[in-house]
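Chemist: Sequence and predicted structure below; questions after.
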Amino acid sequence: MTERLRPFQQRKRMTQLAETLSRALIRQPKPVLSNYDIFRELWEIYQSGSAKYLRGATPSRDVFRRTRSLLRSEGVIRQDNDYGSHWRIVDRSDAPAEDVICSVDPFCHIAHLSALQRYGLSNRRPESLFLVEPIPTLRRQLVREQMEGDYGDSLEDPEADIEPAKAVTHPETVRGRPVAIDTTKFAGDQIAIKGSLSRIATIGQTFLDTLDSPDRCGGMSHVLDIWTEHSRTYCDEIIERVERAEKPIWKVRAGFILEEHIGITDARISAWARFAQRGSSRVLDPGKPFAPQFSEKWMLSLNV
C-alpha cells in the first residue's frame, strides 16, 4: 500500500512547491526569465521555508527541472519566442524589445543613437535598437560576481547543486525589432529607466560613447552637431565622465570639440591637452582616414 501511495505523495509535494514558485514568479517584475532566475526564486523558497514538504535546506537542479516542467505543463510558463532558452510568464503582458533584452541580460544597456534619441539629443529615430554588452572576459567576471552576490559561501558548498548563470546570445530581432549590439571591455556608466525594466547609458557616458563609436551615433558630423547644440547644457556631466575616460584619445577628442570647436573655456578641459601626442596619427573620426587638416594644440587630424 505504501508503495502505491508514494507517487501521489511525491506529486503532492511537487505541487505545493510549484504553486509557491508560481506565485513568486508572478510577483517578480520580469516578463522573461532565465533558468538562473527561476532557480534563484526556488532557492529563496527553500531559504524561507515558505512551501510545504521541502526536503533538504536547498533545492537541487533535479528538483528545479521537475518543478519547472510542472509549471510549463500547467501553463504558467512557456518558452519565449525570441529567446528559446528563456521562459515567458504566460499571465504577464508582453514588454517592448528593450525591456525584454535588459530582463534576460543583466549586463547590457541602451546606448549610442538609441540613447541619444531617448535623451532628446538627436531627432533621428533608429530602426535598430542600439545596445552595449561586455566582452566575454568581462562578462565571465560579472557573472561570477553576480553568483557570489546571490549565493555567497554556498557556491563553495559541495552539497549545493546550484543552477549556473550563463551568457546570453541575443537574436537579430527581438519582438520584431532589429537589434544592434556592440561589445566593450569597459563597464560604462548606466542607470535604470524609471518605470521600465531597461537600463541606459548616463548622459555623460552617452557623450563619451560618441567619441569612440560615431558610426553608431549617426556619424561624426551628426555627433559634432549634437555636441555643439547640447554640450553646454550637460558640460559638468561630460567633463566628469571624460575625466574618468579609460582611453587618452577620448580626452583628446573631447578636449578639441569642447574647447576648440565649440569655444568652452574650462581649466579641466585644457588639462586634457597633456594627453595629446606630437607626431601621432590620431584622428577625430576613428572610422575615417587621416586628413591634412590638423589641430596643433590637440595634435589631432580633423578628418570630418
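Modeler: Cool, the structure landed. These numbers come from a predicted model, not from an experiment.
Chemist: How far does stretch 149-168 stretch from one end to the other?
Modeler: 19 Å (C-alpha to C-alpha, to the nearest Å).
Chemist: Tell me which residues of it come out buried.
Modeler: For stretch 149-168, burial by neighbour count (16 or more other C-beta atoms under 10 Å) applies to 150, 151, 154, 162, 163, 165, 168. Any C-beta I mention is one placed from the backbone N, CA and C, and that applies to glycine too.
Chemist: which stretches of the protein form helices?
Modeler: 2-27, 35-48, 61-73, 97-104, 112-118, 136-151, 203-212, 220-230, 235-243, 248-255, 267-270 (DSSP state H).
Chemist: what's the closest of those helices to residue 279?
Modeler: Of all these, helix 248-255 sits nearest to residue 279, with 13.9 Å by C-beta to C-beta.
Chemist: Which segments of the protein make up each domain?
Modeler: Listed by automatic domain parsing, the domain ranges of the chain are 1-94, 101-201, 219-304.
Chemist: what's the spacing between the first one and its chain's center?
Modeler: The chain centroid and the centroid of domain 1-94 are separated by 26 Å under C-alpha atoms, centre = their mean, to the nearest Å.
Chemist: ok, residue 106 to residue 165 distance?
Modeler: The gap separating residue 106 from residue 165 is 9 Å, by C-beta to C-beta, to the nearest Å.
Chemist: actually residue 281, not the one I typed
Modeler: Distance from residue 281 to residue 165, by C-beta to C-beta: 42 Å.
Chemist: contacting residues around residue 119?
Modeler: 203, 206 (C-beta atoms under 8 Å, 6 or more residues apart in numbering).
Chemist: Find me the pLDDT at it, would you?
Modeler: pLDDT recorded at residue 119 is 98.
Chemist: coming back round to it: nearest to residue 300, of the helices of the chain?
Modeler: Closest to residue 300 of these, according to C-beta to C-beta: helix 248-255, at 5.9 Å.
Chemist: Other residues contacting that closest one?
Modeler: 207-208, 211-212, 238, 242, 245, 269-270, 272-273, 275-276, 282, 284, 298-300.
Chemist: mind listing what's buried in that helix?
Modeler: 249, 250, 251, 252, 253, 254, 255.
Chemist: how about those in a markdown table, adding pLDDT and distance to residue 180?
Modeler: Shown next, in a markdown table, are the buried residues of helix 248-255 (pLDDT from 0 to 100; distance: C-beta to C-beta, whole Å):
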| residue | pLDDT | distance to residue 180 |
| --- | --- | --- |
| 249 | 97 | 23 |
| 250 | 98 | 21 |
| 251 | 98 | 27 |
| 252 | 98 | 27 |
| 253 | 98 | 22 |
| 254 | 99 | 24 |
| 255 | 98 | 29 |
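Chemist: Return the member of those nearest to residue 136.
Modeler: The closest of the buried residues of helix 248-255, once distances to residue 136 are taken by C-beta to C-beta, is residue 250, at 23.0 Å.
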